[in-house]
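A.B. asks: Take a look and give me a structure for this.
(2 chains)
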Amino acid sequence: MATVIRSETHPGIASYDEVNRDVLKILGRPGRGYYVLLAGAVAVFGIGLFAFLVMLVLGIGLTGLQNPVGWGVFITTFVFWVGIGHAGTLISAILYLFRAKFRQSIYRAAEAMTVFAVMTAGLFPIIHLGRPWLFYWLIPYPNQRQIWPNFRSPLVWDVFAITTYLTVSATFFYIGMIPDLAAARDAATVPWRRKLYTVLALGWRGTDRQWKNFTRAYLYLAALATPLVLSVHSVVSWDFAMGLVPGWHTTIFAPYFVAGAIFSGVAMVITLLVPMRKVFGLEKYFTIDHFEAMAKLTLLTSLIVGYAYAIEYFIAWYSQEPAEMGSFFNRALGDYWWATWIMIGCNAILPQLLWFRSVRRSIPALFVLSIFINIGMWFERFVIIVVSLSHDFQPWQWANYRPTLTGMLIVLGSFGWFFMWFLLFLRLLPAVSVAELKEVLAAPMRKLRPAGNRPGRAVLVERED
Amino acid sequence: MATPSAPGVLGIFAELDAAVAAIERLRSEGLKKLVVFSPVPRHELEHALHPAESPVRIFTLVGGLTGAATGFALATWTSLDWPLVTGGKPIISLPPFVIIAFELTILFGAFATVAGLILNGILPREDEARAVYDPSFSSDRFGVFVAAPPARAADARLALVESGAVEIREEFEEVSVGQD
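C.D. replies: Reported below is the predicted structural model:
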């Protein structure tokens, strides 16, 4: 009997080189199922692209947008995808600063999700422009007419917030991956992969000087990403809250949107990790405990979101403002009542199941629940944007909007685009952090260290050798 | 690539505490030109090596402050360049400009951090480039490379072996010490 020190958060992993073998194996030859999924994602993206091209030729009228609902499914989907991105940064940066060790194995996939979700989100305001080729007008650039963007407009804040978020999260994603790319380089046998990882690893060798500067830089990037992620969805919420439309003009929007973003993002992380765990046999890496931790996060943010829903109705009543009260009556009981009740059911009521430990620890239950949450959160944005716009101050202005086929195909295409990138990521880059995972494993020692030694609380287990 | 003229000995360790012991012994013997390889950042190695504080933090600070100043300057200057009153608000409306300044603080801070990392941590140093690398250092092995003049190579080798190195390399020649 040999005694081995196991990590409390990842007890299934025995040694450093086991991590390298298991993680780098994902980069190996995939099964046919992978190509079927990839082809499906590309096909769905192709359908969306086709719909977009048709819209480009025939005009934005195809989306059914007109007064008073000038923002429809595109802005809904934009907010949806930005929100999805937030969980990745929460897991990679905020939980890093909090030293939540369960994040080590899941954060890379979550961070990749962030980068691709924000990439997807960024397309939608541009698609929505009607003349998408003029999107660069939003960027402050020196031009002959000396016209600059209006920095007092929330839409320009949004441009700054989203581009900064995409840039910084992609940077954080890449920098954190450098030691793992070196590990992939050292293990690669296929020549083109070896070349790719050699270039991407920037000559990383894991020397003491490199680690010293790397860990510092990583800490500072995490410290910069933390306020950034909280600000991004706040700025997105101000696109609405700065307007006077009943249903939009509330101060609660920033925290409400941030909580909703993390809620939807964690649900999407669960949606992605469950099949990934199954297909690549990563049960040791994404354990039930990690899923339970994410389920608790989902429950917490669901409660915040549910509270925000309730307080909005309370304030509408408390204000005794006819337009505000009318808007909220219309939400719950008007033409779009079904969208509102999908939102409340999926986001505030169904997640209450997570109070039960058996639900939190059941992978199939979490997977199904996460899909409902994804749907519910899309409808939340639909309710906020479309339903509020359809019912503002004057009754003669009220009019309903109906999503059209073109619009919905473009929305569908965004899912193809997102999953295409995610699938390519799984095969091209280390999808679980090799180096950071080792930080929570017990280091190989000549003398066994007792439990309680860094990192974290390790546990001693007996193992037959 | 290590230049053959660079004298030095590399010890490969399977255990962290053995590598730490080697570092402490080599340093006490006056062999302080060490390059330590590891698959994971460990406090034990850092404590044994007593490195200077990383200069990356200065980059982050300067980058962030530059970003804040740039954000305010950009929004202010462009607003004054075409002073059009919108919504009855002052031409220089500081509250919304804070958002631009905040975003650029983060953006410039992140770029400067990466620049600091590349300049201080990624670009090779001459003494380090000579150290022999082994692919197992990205998996589960720790490496201690001693830059030692030929007269002290024997001391270095002895210190590495007695601390528990599983393998010794010298100028690309492998000398097995038979623990494997």
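A.B. asks: Identify the residue spatially nearest to residue 97, adjacent ones excluded.
C.D. replies: Since no chain was named, I'll use chain A. Nearest residue to A:Leu97 in three dimensions, chain neighbours excluded: A:Ala222, at 5.6 Å (C-beta to C-beta, 6 or more residues apart in numbering or on different chains). Bear in mind the C-beta positions are built from the backbone N, C-alpha and C, glycine included.
A.B. asks: Let me rephrase: I mean chain B.
C.D. replies: Here the residue nearest B:Phe97, using C-beta to C-beta, 6+ apart, is B:Ala75, at 4.1 Å.
A.B. asks: Distance of the nearest residue to A:Gly72 once chain neighbours are set aside relative to chain B?
C.D. replies: Nearest non-adjacent residue to A:Gly72, counting by C-beta to C-beta, 6+ apart: A:Leu65, 5.0 Å away. Here A:Leu65 is placed at a distance of 24 Å from chain B (C-beta to the nearest C-beta, to the nearest Å).
A.B. asks: again, but for A:Ala348
C.D. replies: Distance from A:Ala348 to chain B, by C-beta to the nearest C-beta: 30 Å.
A.B. asks: isn't there a strand covering that residue?
C.D. replies: No - looking at A:Ala348 with DSSP: H, G, I helix; E, B strand; the rest coil, it is helix, so not inside a strand.
A.B. asks: burial count for it?
C.D. replies: A:Ala348: 19 surrounding residues under other C-beta atoms under 10 Å in any protein chain shown.
A.B. asks: Surely it touches A:Ser302?
C.D. replies: Yes - taking C-beta atoms under 8 Å as the definition, A:Ala348 is a contact partner of A:Ser302 at 6.5 Å.
A.B. asks: which residue sits closest to the residue sitting nearest the centre point of chain B, ignoring its sequence neighbours?
C.D. replies: Central residue of chain B (C-alpha atoms, centre = their mean): B:Gly121, 3.5 Å from the mean position. Using C-beta to C-beta, 6+ apart and skipping residues adjacent in sequence, the residue nearest B:Gly121 is A:Asn213, 3.0 Å away.
A.B. asks: so who does that neighbour touch?
C.D. replies: A:Asn213 makes contact with B:54-56, B:116-117, B:120-121, according to C-beta atoms under 8 Å, 6 or more residues apart in numbering or on different chains.
A.B. asks: what's the pLDDT at it?
C.D. replies: Per-residue confidence (pLDDT) for A:Asn213: 93.
A.B. asks: Ramachandran coordinates for it?
C.D. replies: phi -70, psi -30 (degrees, to the nearest 10).
A.B. asks: what's the distance between it and B:Val144?
C.D. replies: 19 Å (C-beta to C-beta, to the nearest Å).
A.B. asks: Correct me if wrong: A:Pro430 contacts A:Arg108.
C.D. replies: Yes - shown here, A:Pro430 and A:Arg108 form a contact pair, counting by C-beta under 8 Å, at 6.8 Å.
A.B. asks: Just want to know which of the two has more residues nearby.
C.D. replies: Taking other C-beta under 10 Å, A:Pro430 and A:Arg108 do not tie; A:Arg108 has more neighbours (27 against 22).
A.B. asks: And stretch B:67-83, what's buried?
C.D. replies: Within stretch B:67-83, the residues scored as buried using 16 or more other C-beta atoms under 10 Å in any protein chain shown are B:67-68, B:70-72, B:74-76, B:78-79.
A.B. asks: Make a markdown table out of these and add secondary structure.
C.D. replies: Converted to a markdown table, these look like this (three-state DSSP):
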| residue | secondary structure |
| --- | --- |
| B:Gly67 | helix |
| B:Ala68 | helix |
| B:Thr70 | helix |
| B:Gly71 | helix |
| B:Phe72 | helix |
| B:Leu74 | helix |
| B:Ala75 | helix |
| B:Thr76 | helix |
| B:Thr78 | helix |
| B:Ser79 | helix |
